[in-house]
Structure formats: C-alpha cells, structure tokens
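# Following is a predicted model, sequence given first.
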Amino acid sequence: MDFKRTVYLALSMALGIIVSYGVHAVVELWYLGWAETKGRTVVWASHFGAGQCALPWCVQYGLLAAGVVAGFLIGRVWWRIVYVEHRHWIRRK
C-alpha cells in the first residue's frame, strides 16, 4: 500500500472517530432524557481518562470502534471511486 493511500485511510478513520464522538453525544443526551423520565439512577464513569459519561463502557467503546471501522470502510470506498475508477464530479459535462 502506498503512502498516499495510507494517509487517505488514516484521515478517513480520524473523521470516523470525530463523527462517532458526535453520535456519542447524541446517544448520551437521549439516554439521560430517558433515564430522567423513567426515574432511573445514572452511574457516571470515566473510561477515556477525561470527563464523565453516563453510558456503559461497552457502548462507549462500541461507538468508538464503529467510528474507526466505518471510517476505514468509507475510506476504502472513496479511494476506489476517486483514484481507481476516476469518477470525479469535475469531469462531468
């Protein structure tokens, strides 16, 4: 694998991680609202070393892993579309 493709995949995985943090925030807000309406006790935990989170550790790590995997897969698909098949929107008439 060449350097350009490696960087492309790494950056798409970084983008997947960033999007997963956004999804994490939305899921946590939904969970806190649900717990408040049901009268549940929320257990706060810190698994990434900074801040507190109401979600269980498996959901936290699952969202992070899903972001990495989704970023890798999207990077592979877009690499094929842009660099292998040369389907650019610039060339359309």
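Arrived safely.

# tally of neighbours for Leu32?
Number of residues near Leu32 (other Cβ atoms under 10 Å) recorded here: 14. Backbone N, C-alpha and C define where each C-beta goes, glycine included.

# Quick check: next helix or strand after the helix or strand encompassing it?
Mapping Leu32 onto the secondary structure by DSSP states H and E places it in helix 3-38. Taking DSSP H and E as the definition, the helix or strand that follows helix 3-38 towards the C-terminus is helix 57-79.

# how about that following helix as CSV, C-alpha atoms only?
Only the C-alpha atoms of helix 57-79 are listed here, as CSV (Å, rounded to 0.1, in the frame of the first residue of the first chain):
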residue,chain,number,x,y,z
TRP,A,57,-18.4,1.2,28.9
CYS,A,58,-19.4,-1.3,26.2
VAL,A,59,-21.5,1.4,24.5
GLN,A,60,-18.6,3.9,24.7
TYR,A,61,-16.0,1.6,23.2
GLY,A,62,-18.6,0.2,20.8
LEU,A,63,-19.3,3.7,19.4
LEU,A,64,-15.5,4.4,19.1
ALA,A,65,-14.9,1.1,17.3
ALA,A,66,-17.8,1.6,15.0
GLY,A,67,-16.4,5.0,14.1
VAL,A,68,-13.0,3.5,13.3
VAL,A,69,-14.4,0.7,11.2
ALA,A,70,-16.9,3.0,9.4
GLY,A,71,-14.1,5.5,8.6
PHE,A,72,-11.9,2.7,7.2
LEU,A,73,-14.7,1.3,5.1
ILE,A,74,-15.8,4.7,3.8
GLY,A,75,-12.1,5.5,3.0
ARG,A,76,-11.7,2.3,1.0
VAL,A,77,-14.9,3.0,-1.0
TRP,A,78,-14.0,6.6,-1.7
TRP,A,79,-10.4,5.6,-2.6
